[in-house]
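A.B. asks: below are the sequence and a predicted model for it; my questions follow.
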Number of protein chains: 4
Amino acid sequence: MDVAVLGATGDVGRQICAQLIERRVLPTTSRLQLVGRPGGASGRASYGLRADLVDAYDEHAPLIDVALDPQDVVADVVVLTAGRTAPARAGAVADRAALAAENHAVFESYARAIARHGSGHEVVVVVSNPVELGVAVVARELGRHRVIGMGAWLDTLRFRREVAVSLGVRRHRVGGFVAGQHGDDLVPLWSTVRISGLDLDERRRAVAALRGGRTLDGFAAEIEGAKADLAGLMADDVAAAFDLIETWPPDLRGVSRPWLTHQSGAKTAAATANATVDLVDTVLDGRDIVVAGQVALDGEAAVAGTPLRGVLGVPVVLGPEGWTRVLLDEPEPDEARRLLAAAGRIDAMLAPWGLRSGTEAAR
Amino acid sequence: MDVAVLGATGDVGRQICAQLIERRVLPTTSRLQLVGRPGGASGRASYGLRADLVDAYDEHAPLIDVALDPQDVVADVVVLTAGRTAPARAGAVADRAALAAENHAVFESYARAIARHGSGHEVVVVVSNPVELGVAVVARELGRHRVIGMGAWLDTLRFRREVAVSLGVRRHRVGGFVAGQHGDDLVPLWSTVRISGLDLDERRRAVAALRGGRTLDGFAAEIEGAKADLAGLMADDVAAAFDLIETWPPDLRGVSRPWLTHQSGAKTAAATANATVDLVDTVLDGRDIVVAGQVALDGEAAVAGTPLRGVLGVPVVLGPEGWTRVLLDEPEPDEARRLLAAAGRIDAMLAPWGLRSGTEAAR
Amino acid sequence: MDVAVLGATGDVGRQICAQLIERRVLPTTSRLQLVGRPGGASGRASYGLRADLVDAYDEHAPLIDVALDPQDVVADVVVLTAGRTAPARAGAVADRAALAAENHAVFESYARAIARHGSGHEVVVVVSNPVELGVAVVARELGRHRVIGMGAWLDTLRFRREVAVSLGVRRHRVGGFVAGQHGDDLVPLWSTVRISGLDLDERRRAVAALRGGRTLDGFAAEIEGAKADLAGLMADDVAAAFDLIETWPPDLRGVSRPWLTHQSGAKTAAATANATVDLVDTVLDGRDIVVAGQVALDGEAAVAGTPLRGVLGVPVVLGPEGWTRVLLDEPEPDEARRLLAAAGRIDAMLAPWGLRSGTEAAR
Amino acid sequence: MDVAVLGATGDVGRQICAQLIERRVLPTTSRLQLVGRPGGASGRASYGLRADLVDAYDEHAPLIDVALDPQDVVADVVVLTAGRTAPARAGAVADRAALAAENHAVFESYARAIARHGSGHEVVVVVSNPVELGVAVVARELGRHRVIGMGAWLDTLRFRREVAVSLGVRRHRVGGFVAGQHGDDLVPLWSTVRISGLDLDERRRAVAALRGGRTLDGFAAEIEGAKADLAGLMADDVAAAFDLIETWPPDLRGVSRPWLTHQSGAKTAAATANATVDLVDTVLDGRDIVVAGQVALDGEAAVAGTPLRGVLGVPVVLGPEGWTRVLLDEPEPDEARRLLAAAGRIDAMLAPWGLRSGTEAAR
């Protein structure tokens, strides 16, 4: 099984390549394709990255090659990290709409090349933002089931960790999913949270204690306030800003800590790469695993009686052929409200590119 | 066992931290200390890096904390990646002397803090350049056996890979060491090369074929010529420059390929981190392993009748308490000449800081 | 998270313990409990096994202790390998009914002790045979969702491998599940087979070619014939017997190869341990993974319009709290027939112990 | 690189095969050869073991094949576990002389076949007992440097663990070697013990406290007494026997605990396999690592002025071509006495087969 990383020389791309080899996700008999843009720094650096990776991992590296033209992409799993990223520095505003305008062309160029020149079986994991736009563009070209966005899985891993920290356990003791739109519009599905060793009643009490009487209806306002507080603090004392986050509830920490990390100039390459390699590993290792991901829905699940259509982060079964089932039980009312609102905002974001969900009649 | 990474937020530092956790070199019960400078971007990013690493590896991460003052460094193994690095871009000149002037103060500040506030048992792996200067400074403060420079190990891994490529096998089929000074002044010890599955006669024939009648006496001129050729090519066509390298003998490839990689803008973070984590793993896992490294010698080995004193890259046995024995058989005459010349140049480089080797009388 | 292995000193138990530590499924901070019978060889050997495992894995072993009384079992996951096993030698007849009579008391003794003295959260993986009886006994004491039988997962892994061998790929390229009763009465769900890189049409053609026009309606007779052929051959030439198997279709190979392996005197400890550790790892690592397993159903799935009740091997989502959902689409008619027949035979096998499925009315 | 396991279907052989694959010591592109005796149970079971291993590890198993004739052995590393083993049960007397008589023919048959039909490059790791006899027989046929006995490494790992237990740390914090003859005649080289985090003075005090004023001159008598005490206790209460061991000093525990484990009926397959796979991994992975092993010496090291000749367990550098250097500093006088005595007893044991060390004149 071969993997292509589009945008391999970016911070996240490099980290993904290193982890794919380091973790032995790719056996020595497979191929890792580093895909850059012809000409310019990215193309040059692709050759250098290849040399660096072989230097580091010759004992167990797969075959590594370089491609600088989208139509040369050949792989079973394609990781889409190409495109521009939001700047990592204090005060930088992550303008997802501007990103969208710039990255839409990148997404489309790769998706069309894969549709035209590919094997017809590639599974695409979208990492670049806006991840929902990437999923929509690729789904239109390759079919809905062969593309999944990584954002909801990263959000899920972060949410689980924050719940785990509050309970004093490691992340793998905590289950549950984050759905919705990647970024501020994510939807922590508190109703799906499970904690190893707690039965139903104990879990309900634990979750209630963690939430402290809050519902998701006030979550957007909380996020806005949190960012304002952190922006004020971080200029003088980033340690104090990280400390302040510790005083907040898990779902708010799960949104604000990565935001502050990015603002601190550290980027979030390790965590992003880790969540991505998780998904690639799942597709490659032949098992069907329940993950959260942005997928293009067509009514497979419903919330509050409304069938979901269009791109949205939800829990799905992911396997070698892409995602198959949606595993979403009826969420709590506040979760349903926030999820439907997120779906609407995604739809609006996609509208300029003619990527609105399903048929009009179905909405 | 705890590890501190000095300069954790640099490209190499970050990669070392990620690999230490990824490879499970550090168990969950140990501690990884990210050490940055107070104030400024490095300090801010240290906190962000901590958040990113915990996000990525919560399931099996060690305790991770941040220190911004050299006197707060507490660890069993200290990885010294702090200081300035040569710029990674086409045409950039790696001025090791200028680096030396800037990094000497960094080395000394950390070495003195560890000597004064440390446990008395830290083993230090020097990654920053000039690695020989770092080793000399740390050895003076902590004792010779507790410090090893990573450069000769990275050079060794690259040399083995290039020999392996020429023979069509993987790197672990090839043994042998690179000694001398890290960078252009390295000394490939062809006399130590071993190849799995070849007996003495077969190996001699294979090595002779790989060397093509060349000796190390012309190696410096070959390197100079190679860089000039690559510099001319890479502006227009970096792929062609990498292709050109393929036509050269293994020892020349081992020097010129990393140089071109660095010039391509790709840096060599993965390979540098890999070689470093190898050494840290060796120190932590309790075994005694033969590696090459820059160490401060005091006559433990001799070459052509001259006892070696001062910092030099040589094969040593590395274990939990640092390096113990030098394992250097009498090299071939051309190797001896180049090794002694490299030792002299290192000594000259160290002279301005009063770090000349041994006693004057002994030289 | 702690694991107890009931019957740790048996061939399979020992292998499970070794793999749990070898694969790092159990971190150093957790506990592995070796559970034997007081008095006699098993008790003595439990202490010896503890010494052997610590000897082997001291660097990363969990805390290992010994318990010789069912009421001292304390763990998050309990692996039930206690009880008698069918003899591994040529000509031995695996009398599952006789095994049932002997092992029922073992199952009940442990299940009751865990119900009475346990945490109320243990997940039990049943390895001993008849696995369906073990599941039924434990489910009655601890609740249906906290117990899963390993048999269907081992059958599934074997079936996938045989399909993979026929296609010339590795096992992880092949999906699909085996359901039914562990042993000769297993049900290969050909309709669930997926093959990486093949689309729907290609897969249908590939599966049709592999099945060669056969349906499951003749599978029982094929198995009977296969065993007779192998029994005749193996006395003189076991290699020829293994070679004969290679000429058969994948589903028949999947039943007959383990049978012959057992008869050859080699036992199947490695494969059994591997499938078991897979399930334990899934329960411990916090992810929800789709596996096949024997579970006690209460109408969660239906086949040919008949809701399934009682113990049966089916695909389920397995996670930290046990199994949650059944993921069984309507199978093909021949699969449905064989599955319902297997369910009936399991029910009959359980009848003597008052473990018939659901309420009579529901049947 | 390919590995052959001679005697693959024994308890230790099976465990070695499983660990070689489990730990990924053998990549998928290599070959594992299971070698049994033609006819009889071992031959039949070899085919069954092959099926079991492929069943367990199809995702990452190497090519596995079966050979039933010594002259068909083809591998880079040969693990010699064939031959009879001492019975594992209470009261069983491990008669190494009788074992020698039976296993000499086995050793010779394989050694001659490899010498005649092999590649000339095989490295042989001897596991079967008497390990010194195996090493002597193979060394005569293949040359001294291509064969190493595993016994001293297992003894070393056990000794390190016992020291570590006494200090409350994990094994990899402790260095040092056990030399001599495998079994009761081993020589714990207390002078080589190192403990991470302790300097020279601290280490001396720690070792003195652990030894409690004893020297090796009384060690033989201590072992004899220990066995008598354990034999008396274990019939009634094996737990009490293991508890008694805990009250003894580390070197005595290191001999008596494996003896009791073996007597308990648990065998020591996991620890034996682990130490063996360590050595195989070292030979295959291309690094030179310092281990202890039984090797055929020819004066490479001296003790108390006496050059060592003949088979003896000593610390050596082990690499892809076998062992190269002996790393034995002058031991303490009591160690030297015991070591020379062990060398003499080995020599006497080998005499009946004309395998006495070196030339008579040299002694």
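C.D. replies: Perfect, I can see it now.
A.B. asks: what's the closest non-adjacent residue to the residue of the stretch 1-150 of chain A found nearest chain C?
C.D. replies: Per C-beta to the nearest C-beta, residue A:121 is where the stretch 1-150 of chain A lies closest to chain C, at 5.0 Å. Every C-beta, even on glycine, is put in place using the N, C-alpha and C of the backbone. Of all residues not flanking residue A:121 in the chain, residue C:197 sits nearest, at 5.0 Å (C-beta to C-beta, 6 or more residues apart in numbering or on different chains).
A.B. asks: burial measure for the one you found, as a count.
C.D. replies: By the measure other C-beta atoms under 10 Å in any protein chain shown, the count of residues near residue C:197 is 17.
A.B. asks: quick check on residue A:22: phi, psi?
C.D. replies: Phi and psi for residue A:22, reported as degrees, to the nearest 10, are phi -50, psi -50.
A.B. asks: wait, doesn't it sit right on residue A:61?
C.D. replies: No - using C-beta atoms under 8 Å as the test, residue A:22 is too far from residue A:61 to be in contact (10.0 Å).
A.B. asks: neighbour count for these two, which is higher?
C.D. replies: Legend: neighbour count by other C-beta under 10 Å for residue A:22 and residue A:61, higher for residue A:22 (23 against 20).
A.B. asks: contacting residues for that one?
C.D. replies: Going by C-beta atoms under 8 Å, 6 or more residues apart in numbering or on different chains, residue A:22 touches A:57, B:19, B:22, B:23.
A.B. asks: do you know how far it is from residue A:6?
C.D. replies: Using C-beta to C-beta, to the nearest Å, residue A:22 is found at 20 Å from residue A:6.
A.B. asks: just residue A:76 next, same as before
C.D. replies: Relative to residue A:6, and taking C-beta to C-beta, residue A:76 is found at 14 Å.
A.B. asks: of the two, which one has the most company?
C.D. replies: Under the neighbour definition other C-beta under 10 Å, residue A:76 and residue A:6 were set side by side, and residue A:6 has more, 30 against 21.
A.B. asks: that one pairs with what?
C.D. replies: Assessed by DSSP bridges, residue A:6 has beta-bridge partners residue A:35, residue A:80.
A.B. asks: wait, it touches residue A:72, no?
C.D. replies: No - using C-beta under 8 Å, residue A:6 makes no contact with residue A:72, being 11.2 Å away.
A.B. asks: so for stretch A:69-89, what's the average pLDDT?
C.D. replies: Across stretch A:69-89, pLDDT averages out at 89.
A.B. asks: residues contacting the residue nearest the centre of chain A?
C.D. replies: When C-alpha atoms, centre = their mean is applied to chain A, the residue found nearest the centroid is residue A:151 (1.6 Å). The neighbours of residue A:151, taking C-beta under 8 Å, 6+ apart as the test, are A:129, A:131, A:132, A:181, A:182, A:183, A:293, A:294, A:313.
A.B. asks: show the pLDDT at the second one.
C.D. replies: By that I understand residue A:131. 96.
A.B. asks: do a quick rundown of the strands in the stretch 251-363 of chain A.
C.D. replies: A:288-303, A:306-319, A:322-326 (DSSP state E, counting those that start in this stretch).
A.B. asks: next, format the ones you listed as CSV and append mean pLDDT, distance to chain B and mean neighbour count.
C.D. replies: Below are the strands of the stretch 251-363 of chain A laid out as CSV (pLDDT from 0 to 100; distance: least, C-beta to the nearest C-beta, whole Å; neighbours: other C-beta atoms under 10 Å in any protein chain shown):
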stretch, mean pLDDT, distance to chain B, mean neighbour count
strand A:288-303, 96, 15, 22
strand A:306-319, 96, 18, 24
strand A:322-326, 95, 23, 20
